[in-house]
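[1] okay, sequence plus prediction incoming.
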Amino acid sequence: MRKISLPSVAAVTLGCKLNYSETSAILDRLSAEGWQISSVEKGADMIIIHTCAVTKQAEQKCRQKIRQLVRRNPGCAIVVIGCYAQLQPFLLSAFEGVHGVLGSNDKFRTEIYREILDTKPETPLVQVSDPGAADEIHAGYSLPEDSGVARTRAFLKIQDGCDYGCAYCTIPMARGRSRSLPAAMLIERAHALASSGYREIVLTGVNIGDYRSEGTGFAGLLRMLEQVALDRIRVSSLEPDIIDDRLLDVVACSRKIAPHFHVPLQSGSDRMLQAMGRRYTTEGYRERIMRAVESIQDCAIGIDVIAGYPGESEEDFQDMYRFIDELPAAYLHVFSCSIRPGTRLASQTASGERKLLSSREIEGRSDLLIELGRRKKSAYTAGFLGKERKVLVETSTQDGRGGVCCSGYTANYLHVTARAENFAGDAQRLKGMLLPVAIREMGHDLNLEGRLLF
Ligand code: SF4
């Protein structure tokens, strides 16, 4: 067997923040076992491609990426991991140049990477166990992929899997049932991220509001994390049914938990919500969102919606449009409906129980929702003109005229670019600082601009 000393590995991640946090954890483990962490640009003995299967488009992007990386890196061991690998291992192992395919739990078994590198098997090594069969859950947290990036925001995985079983969703098949990491481990990890310079952590998972560990629920975990020396804790996506008064009170009373919730709505028609198997009604959703914006200052509500769900009538769509239009939303993420193999929706459409919409109808509804989202974002963002808010600086450069230009996010996730004249210090040192900014105007693509107040 060929002996390789200090093998190098690079990773390419597609998909959600959870994937990013898991890639970092895998690289961290490999590094502890003597691998050198490299990048695709610098070259590596192995490239790990972390895939996503949330939509057809996401899968297509993964396939393109695999082909591209194989073509540009001859001689390199290629390993495909993640949700797409879990769901379609044999399709991906048939790609020329792929040496290994690892499923959702298997991707954390670092000894397999070494085996693949040592043997570069002609027939790819496929290791995909049933994610539903194990209670296994692996930690994930993020370090910047490029060491030139300031240590401002880290992703911390707290939970994996989902028990909800929405009709269209493939994620429970890819990631198994809901399980949570122990609170003590997460607090320790958050302390470690804070002491290595991070100012903000973003809690990630598939259904993070479903967090449960030894008597601690999601609101309890937030309270514990507040004790860590961080400036911000961001909760990312939360299912509407778990946004209860206790959680809202914890956020409203906190000086660290960001006033920002991303709350999947999917449809604004009760008939469609029922068909999707969602756990709330439009009235329940509205009530939670109104309570959030009334009790939490600056609260930003991001909404996910599906355009063109099979069986959605023109009337359902109009209901949804009106419903969202009346909500105090800060932005919308619009997804064109994608039928995932193996889901309830796939059987319903195959049997004719739910009628597919034409691609023209899906596109038309998607365009209208995207435009509505732009209008919502514009209105929400404009509400901050003339105000002062703190920005966590992610980039900072000298402007060549003796001034400095910084950019970053406010607690409620508004992107702000801010300048100061006559800046004598080192611009790089501003990265990772929480700086007050007077917000003056709306710039390109609804980004805010302002003046640094120091
Ligand atoms: S809540 Fe529904 S949409 Fe979200 S991951 Fe679970 S099953 Fe999928």
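    Thanks, I have it. Numbering: from 1, shown residues only.

[2] can we go C-alpha only for contacts and neighbour counts from here?
    Fine.

[3] burial count for the residue in the stretch 1-150 of the chain positioned nearest to the ligand?
    Nearest to the ligand in the stretch 1-150 of the chain, going by Cα to the nearest ligand atom, is V54, at a distance of 9.1 Å. Residue neighbour count, defined by other Cα atoms under 10 Å, stands at 20 for V54.

[4] would you quantify the distance from it to T170?
    Distance, V54 to T170, using Cα to Cα, to the nearest Å: 7 Å.

[5] check L14 too.
    17 Å.

[6] of the two, who's got more company?
    Higher neighbour count among L14 and T170: T170, with 22 against 19, using other Cα under 10 Å.

[7] mind listing what M272 touches?
    Neighbouring residues of M272 by Cα atoms under 8 Å, 6 or more residues apart in numbering: 312, 316.

[8] quick check, it in a helix?
    Yes - under DSSP: H, G, I helix; E, B strand; the rest coil, M272 falls within a helix.

[9] distance check, it against Y309.
    8 Å.

[10] before we move on, what about A77?
    40 Å.

[11] just the CA coordinates of stretch 425-436, formatted as CSV?
    Provided in CSV are the C-alpha atoms of stretch 425-436 (Å, rounded to 0.1, in the frame of the first residue of the first chain):
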residue,chain,number,x,y,z
GLY,A,425,-5.4,53.6,12.1
ASP,A,426,-5.1,50.2,10.5
ALA,A,427,-8.4,49.4,8.7
GLN,A,428,-7.9,45.6,9.2
ARG,A,429,-8.2,46.1,12.9
LEU,A,430,-11.8,47.2,12.5
LYS,A,431,-12.8,43.7,11.3
GLY,A,432,-14.9,41.9,13.9
MET,A,433,-15.7,45.1,15.8
LEU,A,434,-19.2,46.2,16.5
LEU,A,435,-19.3,49.8,15.3
PRO,A,436,-22.1,52.5,15.5
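
[12] tell me the mean pLDDT for that stretch?
    Taken as a whole, stretch 425-436 has a mean pLDDT of 92.

[13] name every strand pairing with the longest strand belonging to the chain and say which way it goes.
    Ranked by residue count and defined by DSSP state E, the top strand of the chain is strand 388-398. As defined by DSSP bridges, the strand partners of strand 388-398 come to strand 404-409 (antiparallel), strand 434-442 (antiparallel).

[14] what's the distance between it and the middle of its chain?
    22 Å (Cα atoms, centre = their mean, to the nearest Å).

[15] now what about that strand, what contacts it?
    With Cα under 8 Å, 6+ apart, strand 388-398 has contacts from 149-150, 152, 404-411, 416, 427-428, 430-439.

[16] what segments of the stretch 301-450 of the chain are strands?
    All strands of the stretch 301-450 of the chain, identified by DSSP state E, counting those that start in this stretch, fall at 331-336, 388-398, 404-409, 415-420, 434-442, 448-452.

[17] so which of those is nearest the ligand?
    That would be, of the strands of the stretch 301-450 of the chain and by Cα to the nearest ligand atom, strand 331-336, which comes in at 12.2 Å.

[18] restrict that closest one to CA atoms and write it as CSV.
    What follows is strand 331-336, C-alpha atoms only, in CSV (Å, rounded to 0.1, in the frame of the first residue of the first chain):
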residue,chain,number,x,y,z
TYR,A,331,-37.7,39.8,2.9
LEU,A,332,-38.9,36.7,1.0
HIS,A,333,-37.1,33.7,-0.3
VAL,A,334,-39.1,32.2,-3.1
PHE,A,335,-38.5,28.6,-4.2
SER,A,336,-40.1,27.1,-7.3
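
[19] how is this protein carved up into domains?
    8-127, 138-258, 290-382, 388-452 (automatic domain parsing).

[20] now do the end-to-end distance for the last one.
    Spelled out, that is domain 388-452. 10 Å.

[21] against P240, how distant is whichever residue of the stretch 251-400 of the chain sits closest to the ligand?
    Residue of the stretch 251-400 of the chain nearest the ligand, by Cα to the nearest ligand atom: R278 (6.9 Å). As judged by Cα to Cα, R278 and P240 stand 10 Å apart.

[22] likewise for G215?
    Distance from G215 to P240, by Cα to Cα: 22 Å.

[23] so these two - more neighbours on which side?
    Of the pair G215 and P240, P240 is the one with more neighbours under other Cα under 10 Å, namely 22 against 7.

[24] tell me where the stretch 51-200 of the chain has helices.
    Assigned by DSSP state H, counting those that start in this stretch, the helices in the stretch 51-200 of the chain fall at 56-72, 83-87, 89-93, 110-119, 171-175, 183-195.

[25] give me the neighbour count for the closest residue to the ligand within the stretch 201-350 of the chain.
    Proximity to the ligand, evaluated over the stretch 201-350 of the chain using Cα to the nearest ligand atom, is greatest for V206 at 5.5 Å. V206 has 24 neighbours, counted by other Cα under 10 Å.

[26] shouldn't it be in contact with Y164?
    No - between V206 and Y164 there is no contact under Cα atoms under 8 Å: 10.7 Å.

[27] quick one: secondary structure of I47?
    strand.

[28] wait, what's in contact with the residue nearest to L125 when sequence neighbours are not counted?
    Closest residue in space to L125, ignoring its immediate chain neighbours: G100 at 4.5 Å, by Cα to Cα, 6 or more residues apart in numbering. By Cα under 8 Å, 6+ apart, G100 lies in contact with 78-80, 93, 116, 124-127.

[29] so which of those belong to strands?
    Per DSSP E, those map to strands at 78-80, 125-127.

[30] now tabulate those in CSV and tack on distance to the ligand, pLDDT and neighbour count.
    Formatted as CSV, the ones in strands among the contacts of G100 follow (distance: Cα to the nearest ligand atom, whole Å; pLDDT from 0 to 100; neighbours: other Cα atoms under 10 Å):
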residue, distance to the ligand, pLDDT, neighbour count
I78, 28, 97, 30
V79, 25, 98, 28
V80, 22, 98, 28
L125, 28, 96, 20
V126, 25, 96, 21
Q127, 23, 94, 19
